[in-house]
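>>> Give the three-dimensional model of this entry:
(one chain, ligands or ions: 1)
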Amino acid sequence: MATAPLPERERAPMMEKLVSLAKRRGFFFQSSEIYGGLQGFWDFGPLGVTLRNNIKRAWWRAIVELRDDVVGIETSLIMNPRTWVASGHVKNFTDPLVECKKCHQRFRADQVKGNRHEEDGGEFTEPRQFNLMFKTFVGPAEDSSAQAYLRPETAQGMFVDFANVLSSTRMRPPFGIAQVGKAFRNEITPGNSIFRLREFELMELEYFVPPAEEMKWLEYWKDERMRWHQGIGIRPDKLRLRPHGKDELAHYALGAFDVEYEFPFGWSELEGIAARGEYDLRAHQEASGRDLSYFDDIKRERYIPHVVEPALGVDRSMLTVLIDAYHEEEVRGEQRVVLRFHPSIAPIQVAILPLSRKEPLMATAQRVEHELRPHFRTEYDDTQSIGKRYRRQDEIGTPYAITIDFETANDQAATLRARDAMTQDRIPLGHLREALRERLHADKEA
Ligand code: GAP
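Residues are numbered from 1 along each chain as shown. Here you go, the predicted model:
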């Protein structure tokens, strides 16, 4: 039985434009589209995968590489199913599901308000709890003893491997274990393009701390994470922190915040930051019989570390970056669409464009591109008119374009065009690399 997406609150025209741009330019498109797609699954095109990699790299750099208190791991997507019993997912990782008695479409019970089915006086079945974990079988026998789950989060990998990381590194609390990887949730109502997916990617940090320091670290990480989003270019006035109400908190949680972004469909969760207490490690210690405590040999005390967890979806961060960068402007009576990506994550940083396909323009442009390629993310393009090529580079968010023109052979210089200010500077070919480095650096700091 197929589930139906909710008629989203006012479907924002901006989202439609963005999804169309994403497809036209190769950021993302429906998975297996030639077969009609599959709801909640999306593919990433050449620009999309570069943008994602840049976001993941920025996260990994800030969370793991630039710190001495966090290590990274990568754990399997399918784990011993006892993991999910101990973590509480088998019992509690559910959403209330209702079915319209007329058309048999299924909805999340908490989302039927305002739904046209409700307005039509449609009747719904009583809600039943629907577990969001995808099931599969390990090995050739498809019986219950072989049943396993695709992980709905990466976090449990960090808890289950806690003792292995502790004994194989010199880490001691406060310290963190980070992971980037795919997760799967059989969401009842995926939607808003890549906002809510059934297959998505998570960037999670489990930060293990002495029990008395938990709230201090929650404060620390919420500031740190707000700063990170701004560091990849998200406008500060579009971000806010929302503390969870008592009714939203898991029974074991001491506190939690959502980093929210003002999406075209309203303020919604971008990232979750939670103080999880000792819940996870204690649950796995009890279920596995393995000791997951830490002995502090200076204070001579043993405790189960508490956990502060910032968890961000790669896809959700990517959608935020795209929405935040999207601008429509009028330039000399013409409309232009421009993605104002931060230069650190822009899929292409500099485009090299020969004004015509004549020699020596092409050879010079190719040589310039070849020289710049090791230092920047470059693209060479000699198709279409120069106006169309600029428009394309604006639409894919390339901060700079270098045009090799008929003068270049005489003055050994090229035009450097800035995406945002649309200024054009004449730069000697030999200085292009330095000029770009300076400008990209200045943009990053701005
Ligand atoms: N281990 C904690 C955890 O998984 P979560 O709040 O369920 O927490 C964290 O998810 C983040 O993952 C969310 O803030 C969002 O960025 C992203 N996320 C969650 N469900 C998602 C989905 N169905 N599609 C895309 N991203 C999702």
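
>>> nearest residue to Glu94 other than its sequence neighbours?
To be clear, residue 94 is Thr; Glu isn't right here. Nearest residue to Thr94 in three dimensions, chain neighbours excluded: Gln129, at 4.0 Å (CB to CB, 6 or more residues apart in numbering). In short, each C-beta sits where N, CA and C put it, glycine included.

>>> burial of that neighbour, as a residue count?
12 (other CB atoms under 10 Å).

>>> ditto for Arg172
Neighbours around Arg172, by other CB under 10 Å: 16.

>>> OK, contacts around it?
Each residue near Arg172 by CB atoms under 8 Å, 6 or more residues apart in numbering is listed here: 166, 294, 296.

>>> Reduced to three states, what does it come out as?
coil (DSSP: H, G, I helix; E, B strand; the rest coil).

>>> could you measure it against the ligand, distance?
Applying CB to the nearest ligand atom, to the nearest Å, the value for Arg172 to the ligand is 23 Å.

>>> So which residues on the stretch 51-200 of the chain come close to the ligand?
Within the stretch 51-200 of the chain, the positions near the ligand by CB under 6 Å from any ligand atom are 153, 155, 185, 187, 196-197, 200.

>>> 8 Å instead, please
Proximity of the stretch 51-200 of the chain to the ligand is confined to 152-155, 183, 185, 187, 190, 194-198, 200 under the rule CB under 8 Å from any ligand atom.

>>> For Asn54, grab phi and psi.
Dihedral angles of Asn54 (phi, psi; degrees, to the nearest 10) stand at phi -70, psi -40.

>>> And for Arg373?
Backbone torsions of Arg373, given as degrees, to the nearest 10, read phi -50, psi -40.

>>> Could you do Asn186 as well?
phi -80, psi 70.

>>> How about Phe159?
Phi and psi for Phe159, reported as degrees, to the nearest 10, are phi -70, psi -40.

>>> For it, give me its contacts.
Phe159 neighbours (CB under 8 Å, 6+ apart): 87, 206, 280-281, 284, 292, 307.

>>> now do Pro354
By CB under 8 Å, 6+ apart, the contact list for Pro354 reads 361-362, 364-365, 382, 403-404.

>>> Just those residues: which are in helices?
Residues of the contacts of Pro354 located in helices (DSSP state H): 361-362, 364-365.

>>> By neighbours, which of those residues wins?
The residue in those with the most neighbours, by other CB under 10 Å, is Ala365 (24 neighbours).

>>> Wait, that one touches Ser356, no?
No. Contact criterion CB atoms under 8 Å: Ala365 and Ser356 do not qualify, at 10.1 Å.

>>> buried stuff in the one helix or strand Ala183 maps to?
Secondary structure assignment for Ala183, by DSSP states H and E: strand 175-184. For strand 175-184, the neighbour count (16 or more other CB atoms under 10 Å) marks 175-181, 183-184 as buried.

>>> rewinding a little: tell me which of the residues of the stretch 51-200 of the chain next to the ligand is nearest to Val321?
Nearest to Val321 out of these is Ile194 (CB to CB; 11.2 Å).

>>> Report the buried residues of stretch 246-259.
By neighbour count on 16+ other CB under 10 Å, the buried set for stretch 246-259 is 254-259.

>>> Give me the next element, helix or strand, following the top helix by length along the chain.
In the chain, with assignment by DSSP H, the single longest helix is helix 214-231. As assigned by DSSP H and E, the chain's next helix or strand after helix 214-231 is strand 239-243.

>>> looking just at contacts, which helices and strands does that next one meet?
Contacts defined by 3 or more CB pairs under 8 Å, 6 or more residues apart in numbering; DSSP states H and E place strand 239-243 against helix 214-231, strand 255-263, strand 266-277.

>>> would you list the ones you listed in CSV and tack on mean pLDDT?
Output for the helices and strands packed on strand 239-243, formatted as CSV (pLDDT from 0 to 100):
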stretch, mean pLDDT
helix 214-231, 98
strand 255-263, 97
strand 266-277, 97
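
>>> out of the ones you listed, which comes closest to the ligand?
When the helices and strands packed on strand 239-243 are compared by CB to the nearest ligand atom, strand 266-277 sits nearest the ligand, at 3.5 Å.

>>> Only C-alpha atoms, please: export the closest one in PDB.
Provided in PDB are the C-alpha atoms of strand 266-277 (Å, rounded to 0.1, in the frame of the first residue of the first chain):
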ATOM      1  CA  GLY A 266       8.400  27.600   7.800                       C
ATOM      2  CA  TRP A 267      11.000  27.300  10.700                       C
ATOM      3  CA  SER A 268      12.000  23.600  10.800                       C
ATOM      4  CA  GLU A 269      14.700  21.400  12.300                       C
ATOM      5  CA  LEU A 270      18.100  21.600  10.700                       C
ATOM      6  CA  GLU A 271      20.200  19.900  13.400                       C
ATOM      7  CA  GLY A 272      19.400  18.200  16.800                       C
ATOM      8  CA  ILE A 273      21.700  18.700  19.900                       C
ATOM      9  CA  ALA A 274      20.800  16.500  22.800                       C
ATOM     10  CA  ALA A 275      22.200  15.800  26.300                       C
ATOM     11  CA  ARG A 276      21.500  12.000  26.500                       C
ATOM     12  CA  GLY A 277      22.800  11.300  30.000                       C
END
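
>>> Noted, bye for now.
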